[in-house]
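Chemist: Provided below for reference: sequence and predicted model.
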Amino acid sequence: RGMLGAEVVSTRILWLMDGIRINDVRDGGVWQDICFPLDMIKRIEIILGPGSALYGSNAFQGVINIITKSPKDMNKNGEYFVSYGSFNTWKTGVVYGKEAEDFSLMINASVNRTDGPELLPNNYTPDYEPHSERKWRYLRTKMRYKDLTVSLGQETKITDFSGAEFFPSSKYGWDREEHYATFIYAKPVSDKLDIKAELDYRTPQEYFYDYSDFVGLNVLIREYKWDNNIQFRYRPIDANEIMLGLGYRQEWINAEEFSEGMKEHTINNPNAFIQNELKIKDNFTITAGIRVDTHEGYENQFSPRIGFVYKPSQKSFIRTSYGHAFREPANWQLYVDQVDNMGNPDLKPESLDTYECGFGLNPFDNLSFRLDTFYMRIKDIISDYWDPTIPGPLNGRFHPTQTGLDVIFKGFEFETKAKIKTSVSGF
């Protein structure tokens, strides 16, 4: 919704896998051309608009949560596949799982490759050679014992980068490898109280070779990040639910391409939030919450949100809300010092204020309509532009800046869903 910017890493969207943050340490987002293992995805949940009141930085213009499968979601004998498609694309993989009352285990492995689409037209790059090959492989396990779920995984991507029309590339590429371990403990303590604890550890590593087509210019980037959270859901009465969360995120990066003094550094982000949902009678609900994020590099960030939902009938609703969100600058925007990029350590977080109003109607059980309108104001936008005054082998460099520019977006979204038969639906 609104502006994403001239980027391919979607830093203004928070990406989650089973509720766990997967945004990158260096780039602050997720590369849009990264290949998620579709055979492991059960569903994808999307939250439009600001979500910083619960999730903090990057939950700016939306939140995408990729929910992975459990053994009960698949064939009891496992799933095996081999496919071949255009651009010499091969995909092979296996998903196998078993489930008992107190224990379940699932394993997913896949190996894939493609020559890529070669999207750049030859008239822009007459001497251009094919350079969009990609190989990627995954190994994932997901185990549950009673109330504890443990996920372990490793993924590797080997990618050629063909660039863009204004900056074609015929040699530049990168390899990325990541190992992760996630522990989630969720338990209802009583009829009124639930507890959920999350601990996630990831060790991404990236290797850029022939950076920006400069033969022999190779860069190694090593990272790790801890993300620890505990949440309490308390229901003092049936019409009231209070959610309290405490978290601590630590990110470490060692990047040869960063400026002196910041090639290796650690970022700490303690945070806390509270949200209260109160139902007044059966047709009116108020939800209010606020989160505070602390950071060593800038002032504390407060992210409030309040919303109202009124149901005139069982088949309709009216809602309105206000939310504030922020996005911290990515590490590369702050500290990169490359042949084509120069960071800006004076950047501060972008901020967003959003006002929304919506209406929904379900005239029949198999038909629904929804209309939402929104007004968004983004402050302190970070823009990357080519600055010819910065010395470099390309007679300039890209340089992120903040000019105090504010942008206002107004819009609406309309959606209708229809279920024609038991097995056929559309939207």
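Modeler: Right, received. Where do you want to start? A quick note: this is a predicted structure, and the numbers were derived from the prediction, not measured.

Chemist: Give the full set of residues in contact with the closest residue in space to residue 89 that isn't next to it in sequence.
Modeler: Leaving aside its chain neighbours, residue 89 sits nearest to residue 114 (4.0 Å; criterion: Cβ to Cβ, 6 or more residues apart in numbering). Backbone N, C-alpha and C define where each C-beta goes, glycine included. The neighbourhood of residue 114, defined by Cβ atoms under 8 Å, 6 or more residues apart in numbering, consists of 87-90, 133-134.

Chemist: again, only using 10 Å
Modeler: Neighbour list for residue 114: 35, 85-91, 132-136 [criterion: Cβ atoms under 10 Å, 6 or more residues apart in numbering].

Chemist: could those residues go into JSON lines alongside neighbour count, pLDDT and distance to residue 143?
Modeler: Below are the contacts of residue 114 laid out as JSON lines (neighbours: other Cβ atoms under 10 Å; pLDDT from 0 to 100; distance: Cβ to Cβ, whole Å):
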{"residue": "35", "neighbour count": "16", "pLDDT": "66", "distance to residue 143": "24"}
{"residue": "85", "neighbour count": "9", "pLDDT": "91", "distance to residue 143": "33"}
{"residue": "86", "neighbour count": "8", "pLDDT": "89", "distance to residue 143": "37"}
{"residue": "87", "neighbour count": "12", "pLDDT": "88", "distance to residue 143": "36"}
{"residue": "88", "neighbour count": "11", "pLDDT": "91", "distance to residue 143": "36"}
{"residue": "89", "neighbour count": "15", "pLDDT": "91", "distance to residue 143": "31"}
{"residue": "90", "neighbour count": "13", "pLDDT": "92", "distance to residue 143": "29"}
{"residue": "91", "neighbour count": "19", "pLDDT": "91", "distance to residue 143": "25"}
{"residue": "132", "neighbour count": "20", "pLDDT": "81", "distance to residue 143": "37"}
{"residue": "133", "neighbour count": "17", "pLDDT": "87", "distance to residue 143": "35"}
{"residue": "134", "neighbour count": "19", "pLDDT": "89", "distance to residue 143": "30"}
{"residue": "135", "neighbour count": "15", "pLDDT": "92", "distance to residue 143": "28"}
{"residue": "136", "neighbour count": "20", "pLDDT": "91", "distance to residue 143": "24"}
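
Chemist: Among those, which one lies nearest to residue 381?
Modeler: residue 35 (30.1 Å; Cβ to Cβ).

Chemist: Going by neighbour count, list what's buried in stretch 304-316.
Modeler: 305, 307-309, 311 (16 or more other Cβ atoms under 10 Å).

Chemist: hang on, the earlier thing: of the contacts of residue 114, just say which sits nearest to residue 186.
Modeler: residue 35 (29.3 Å).

Chemist: Tell me, how many residues neighbour residue 363?
Modeler: 10 (other Cβ atoms under 10 Å).

Chemist: Residue 315 is in contact with that one, correct?
Modeler: Yes. Counting by Cβ atoms under 10 Å, residue 363 does reach residue 315; the two are 6.4 Å apart.

Chemist: Is it possible to get CSV of the contacts of residue 114 that adds secondary structure?
Modeler: Formatted as CSV, those follow (DSSP: H, G, I helix; E, B strand; the rest coil):
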residue, secondary structure
35, coil
85, strand
86, coil
87, coil
88, coil
89, strand
90, strand
91, strand
132, coil
133, coil
134, strand
135, strand
136, strand
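
Chemist: a markdown table for these, including distance to residue 329?
Modeler: Formatted as a markdown table, the contacts of residue 114 follow (distance: Cβ to Cβ, whole Å):
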| residue | distance to residue 329 |
| --- | --- |
| 35 | 27 |
| 85 | 39 |
| 86 | 39 |
| 87 | 36 |
| 88 | 39 |
| 89 | 36 |
| 90 | 39 |
| 91 | 36 |
| 132 | 30 |
| 133 | 32 |
| 134 | 29 |
| 135 | 32 |
| 136 | 29 |
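
Chemist: any idea which of those is closest to residue 234?
Modeler: Minimum distance to residue 234 across the contacts of residue 114 is 40.5 Å, recorded for residue 35 (Cβ to Cβ).

Chemist: Residue ranges in the stretch 51-200 of the chain under the pLDDT threshold?
Modeler: 119-130, 163-167 (pLDDT under 70).

Chemist: where exactly do the helices run in it?
Modeler: 52-55 (DSSP state H, counting those that start in this stretch).

Chemist: how about the strands of it, start to end?
Modeler: 62-68, 79-85, 89-99, 103-114, 134-145, 148-160, 163-164, 167-168, 173-188, 193-209 (DSSP state E, counting those that start in this stretch).

Chemist: With distance to residue 395 as added columns, please give these in CSV.
Modeler: Below are the strands of the stretch 51-200 of the chain laid out as CSV (distance: least, Cβ to Cβ, whole Å):
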stretch, distance to residue 395
strand 62-68, 37
strand 79-85, 42
strand 89-99, 39
strand 103-114, 35
strand 134-145, 31
strand 148-160, 26
strand 163-164, 18
strand 167-168, 13
strand 173-188, 24
strand 193-209, 22
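
Chemist: Now do stretch 178-185: distance to the chain's middle.
Modeler: 16 Å (Cα atoms, centre = their mean, to the nearest Å).

Chemist: What of stretch 267-286?
Modeler: 22 Å.

Chemist: which parts of it are buried?
Modeler: With burial defined by 16+ other Cβ under 10 Å, the residues of stretch 267-286 counted as buried are 267, 269, 271, 273-277, 279, 285.

Chemist: Going by distance to residue 342, which of the contacts of residue 114 wins?
Modeler: Using Cβ to Cβ, these come closest to residue 342 at residue 132, 27.7 Å.

Chemist: Distance check, residue 19 against residue 342.
Modeler: Going from residue 19 to residue 342 by Cβ to Cβ, to the nearest Å gives 36 Å.

Chemist: Mutual contacts of residue 363 and residue 315, please.
Modeler: Joint contacts of residue 363 and residue 315 (Cβ under 10 Å, 6+ apart) do not exist.

Chemist: Moving C-terminal from the longest strand along the chain, which element do we reach first?
Modeler: Longest strand of the chain, by residue count under DSSP state E: strand 219-237. Following strand 219-237 in sequence order, the next helix or strand is strand 240-255 (DSSP states H and E).

Chemist: Which elements pack onto that following strand?
Modeler: The contact analysis (3 or more Cβ pairs under 10 Å, 6 or more residues apart in numbering; DSSP states H and E) places strand 240-255 against helix 52-55, strand 193-209, strand 219-237, strand 264-280, strand 284-293, helix 331-335.

Chemist: Count the neighbours of the closest residue to residue 264 other than its chain neighbours for me.
Modeler: Excluding its sequence neighbours, the residue lying closest to residue 264 (Cβ to Cβ, 6+ apart) is residue 254, at 4.4 Å. When counting by other Cβ under 10 Å, one arrives at 14 neighbours for residue 254.
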